[in-house]
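In: A predicted structure for the sequence below; I have some questions about it.
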Amino acid sequence: MTGEIRARRLHADAESRLFEGVDITDLYETHAPAQAPAAPARQVGGLLVSLRGVAKSFGERRVLEALDLDIPAGQFLAIVGRSGGGKTTIMRLLAGLDAPSAGSITIDGKPVTGLRPEVRLLFQDARLLPWQTVIGNVGIARQPGWKQEAARALADVGLGGRETDWPAVLSGGQRQRVALARALVSRPGVLLLDEPFGALDALTRVEMHQLLERIWGTHRFSTLLITHDVAEAVALADRAVVLRDGKIALDIPVDLPRPRREHADPAAARLQAAILKEV
């Protein structure tokens, strides 16, 4: 097997782990012993994320080029760019599902070498397990006290009272709320969002933006949003980065008051135009 073919297979394996629902339990399992006492709740707040000289290649194809990027604790960062520009590669590296070809990545000062319980992901597809109830999907790790924590998370996303429903009876927006509750139940320090609202209708998408902004404002976890939607980036983020050909083409603050207005805001329109110019 040539080096390039092997690299492509490794790339495919990592990508399938990130995007296929069959391994969703791996992303939420904390691997604590079944009878272990409940650990104290993690402090609410975000963690510092740092990338230094990060490069990533798949065979001869260079996806990221000597990338330096910091996400301060509690910041909401959006990365915007065209398909193939390296956005998802950054997500995979931060999730610990792949390793950089060069450079280093740390979260809270600790090197990223694999999956970490303080890092959670939310995908475009909710990836709920159809044989589990709503509360069973949220409490998928089954740690001590999981039902109470799952119920709290569901109430936080506006689904209190729906614990015993099955995923099949939920709307698309409700399924994404369940997925968000699942990501937040362990009170993560870093939340990675891979175009989580791209498949929703316009009204539901605005509602989810408002929900996420409210929850982020309460818990202040560090957040990375991957999106093609410039308006979404400006509606949600503190800062927007344009990634082009594996390099940062623009890094701009989104200094708009919260809660954000998604329509008829001249300042937001100017920011969108500046970002679109660099995409």
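Out: Structure received. Quick caveat: nothing in here was measured; it's all calculated off a predicted structure. Residues are numbered from 1 along each chain as shown.
In: Now do the helices in this structure.
Out: Ranges of helices in the chain, per DSSP state H, are 3-19, 24-28, 87-95, 134-138, 146-156, 172-184, 202-219, 230-236, 266-278.
In: Distance from the chain centre to the longest one, please.
Out: Meaning helix 202-219. Helix 202-219 has its C-alpha centroid displaced from the chain centroid by 14 Å (Cα atoms, centre = their mean, to the nearest Å).
In: And stretch 234-252, by the same measure?
Out: 16 Å.
In: Could you work out the end-to-end span of it for me?
Out: This stretch, stretch 234-252, spans 10 Å end to end (Cα to Cα, to the nearest Å).
In: Centroid-nearest residue for this structure?
Out: In the chain, the C-alpha nearest the mean C-alpha coordinate belongs to Leu192, at 1.6 Å (Cα atoms, centre = their mean).
In: circling back to that earlier point, using TSV, lay out the helices of the chain together with distance to Val119, mean neighbour count and mean pLDDT.
Out: C-beta here means a position set from N, CA and C on the backbone, and glycine is covered the same way. Formatted as TSV, the helices of the chain follow (distance: least, Cβ to Cβ, whole Å; neighbours: other Cβ atoms under 10 Å; pLDDT from 0 to 100):
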stretch	distance to Val119	mean neighbour count	mean pLDDT
helix 3-19	12	14	42
helix 24-28	9	17	51
helix 87-95	6	23	93
helix 134-138	17	24	95
helix 146-156	17	19	93
helix 172-184	10	23	94
helix 202-219	14	16	92
helix 230-236	19	23	94
helix 266-278	26	15	93
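In: Which among those is found nearest to Ser50?
Out: Nearest of the helices of the chain to Ser50, taken as Cβ to Cβ: helix 87-95 at 10.5 Å.
In: For that closest one, give me every contacting residue.
Out: Here helix 87-95 makes contact (Cβ atoms under 8 Å, 6 or more residues apart in numbering) with 14-15, 18, 27, 49, 51, 54, 56, 63-64, 67, 69, 79-81, 98-100, 105, 107, 112, 115, 119, 121, 190, 192, 194, 224, 226, 243.
In: still on that earlier bit, give me the pLDDT for the closest residue to the residue nearest to the centre of the chain other than its chain neighbours.
Out: Excluding its sequence neighbours, the residue lying closest to Leu192 (Cβ to Cβ, 6 or more residues apart in numbering) is Leu121, at 4.7 Å. At Leu121, the model reports a pLDDT of 90.
In: same deal with the one 5 residues further on?
Out: At Ala126 the predicted local confidence, pLDDT, stands at 90.
In: Repeat that for Glu60.
Out: You'll see Glu60 listed with a pLDDT of 88.
In: Can we start the residue count at 456 from this point?
Out: Got it, first residue is 456 now, which makes that one Glu515.
In: Of the helices of the chain, which is nearest Gln530?
Out: Among these, helix 657-674 comes nearest to Gln530, with 10.0 Å by Cβ to Cβ.
In: Can I get that closest one in PDB, CA atoms only?
Out: C-alpha atoms of helix 657-674 as PDB (Å, rounded to 0.1, in the frame of the first residue of the first chain):
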ATOM      1  CA  ALA A 657     -35.500  29.700   7.900                       C
ATOM      2  CA  LEU A 658     -37.900  30.400  10.800                       C
ATOM      3  CA  THR A 659     -36.700  27.400  12.800                       C
ATOM      4  CA  ARG A 660     -33.100  28.400  12.100                       C
ATOM      5  CA  VAL A 661     -33.600  31.800  13.600                       C
ATOM      6  CA  GLU A 662     -35.300  30.200  16.600                       C
ATOM      7  CA  MET A 663     -32.200  28.000  17.100                       C
ATOM      8  CA  HIS A 664     -29.900  30.900  16.700                       C
ATOM      9  CA  GLN A 665     -31.700  32.700  19.500                       C
ATOM     10  CA  LEU A 666     -31.700  29.600  21.700                       C
ATOM     11  CA  LEU A 667     -28.000  29.000  21.200                       C
ATOM     12  CA  GLU A 668     -27.200  32.600  21.900                       C
ATOM     13  CA  ARG A 669     -29.200  32.500  25.100                       C
ATOM     14  CA  ILE A 670     -27.500  29.300  26.300                       C
ATOM     15  CA  TRP A 671     -24.100  30.400  25.300                       C
ATOM     16  CA  GLY A 672     -24.600  33.700  27.200                       C
ATOM     17  CA  THR A 673     -25.500  31.800  30.300                       C
ATOM     18  CA  HIS A 674     -22.700  29.100  30.300                       C
END
